[in-house]
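# coordinates only, sequence not included:
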């Protein structure tokens, strides 16, 4: 089974600033995907970004980008130009359905 | 519109009663999942199904049961054996293997009185 650790239970950032959420995982698989999901106050879970482990290039999706360090089993999410709508819980499950405790991000005006 | 639906949004039951939560998807996804989320916490996997007529226990299956008779439907029954059933329940589906993202329903808030 794979495990995931998000060491920052809560974070806050000022609107328009940049914030990085950390995620480390453990897996014995050679090929896998990593995901970042967000769950806003509405509680609707939404995919933010996905990284394929065999790709060295870090995934980017508009203001969201990842720093994937395969050897270190690290998968951090960088949010640039933070917006109030980014306020949410963020989860980084590996591809076996274990979501972990998440990080609560608050964007302050 | 393609999507995944859960009903009802809020559900109240008396202690000792079984209750079934509905989850339907029209995305033609093979895999479906049930998660439980407690206040301020992450998601914990209850059951999952990767194909019709087959399902596996997740990390907290005790006190729950499921069926997968149709590809589109994956109902979850919370039995009276579940010690603390009050929680938010999320259903998700995904196509093919676990390399694909999960699509989530809006959730059901179950309160046992």
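Happy to help now that I have it. Bear in mind that the values here come from a model prediction, so they are computed numbers and not experimental data. Numbers count the residues shown, from 1 in each chain, chains lettered A, B, ... in the order given.

# Show me which residues of chain A sit near chain B.
Residues of chain A lying close to chain B by C-beta under 8 Å from any C-beta of the partner chain are A:32-33, A:35, A:43-47, A:50, A:52, A:89, A:91, A:95-102, A:104. (Each C-beta comes from the backbone N, C-alpha and C, glycine too.)

# Can you select the buried ones from those in PyMOL?
This is how PyMOL selects the buried members of the residues of chain A next to chain B, with burial counted by 16 or more other C-beta atoms under 10 Å in any protein chain shown:
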select buried, chain A and resi 32+33+35+45+50+89+91+95+96+97+98+99+100+101+102+104
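
# taking the residues of chain A next to chain B one by one, which sit in strands?
If you go by DSSP state E, the residues of chain A next to chain B have A:33, A:35, A:46-47, A:50, A:52, A:89, A:91, A:104 in strands.

# Just send the residues you listed back as a markdown table, with distance to residue A:17 and pLDDT too.
Output for these, formatted as a markdown table (distance: C-beta to C-beta, whole Å; pLDDT from 0 to 100):
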| residue | distance to residue A:17 | pLDDT |
| --- | --- | --- |
| A:33 | 29 | 87 |
| A:35 | 24 | 92 |
| A:46 | 22 | 93 |
| A:47 | 24 | 93 |
| A:50 | 25 | 91 |
| A:52 | 29 | 88 |
| A:89 | 19 | 96 |
| A:91 | 22 | 95 |
| A:104 | 17 | 96 |
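
# For the residues you listed, name the two members farthest from one another.
A:52 and A:104 (27.3 Å; C-beta to C-beta).

# Now do the same contact list for the residue nearest to residue B:92 when sequence neighbours are not counted.
Nearest residue to residue B:92 in three dimensions, chain neighbours excluded: residue B:102, at 4.1 Å (C-beta to C-beta, 6 or more residues apart in numbering or on different chains). With contact set as C-beta atoms under 8 Å, 6 or more residues apart in numbering or on different chains, residue B:102 has these partners: A:45, A:47, A:97, B:33, B:92-94.
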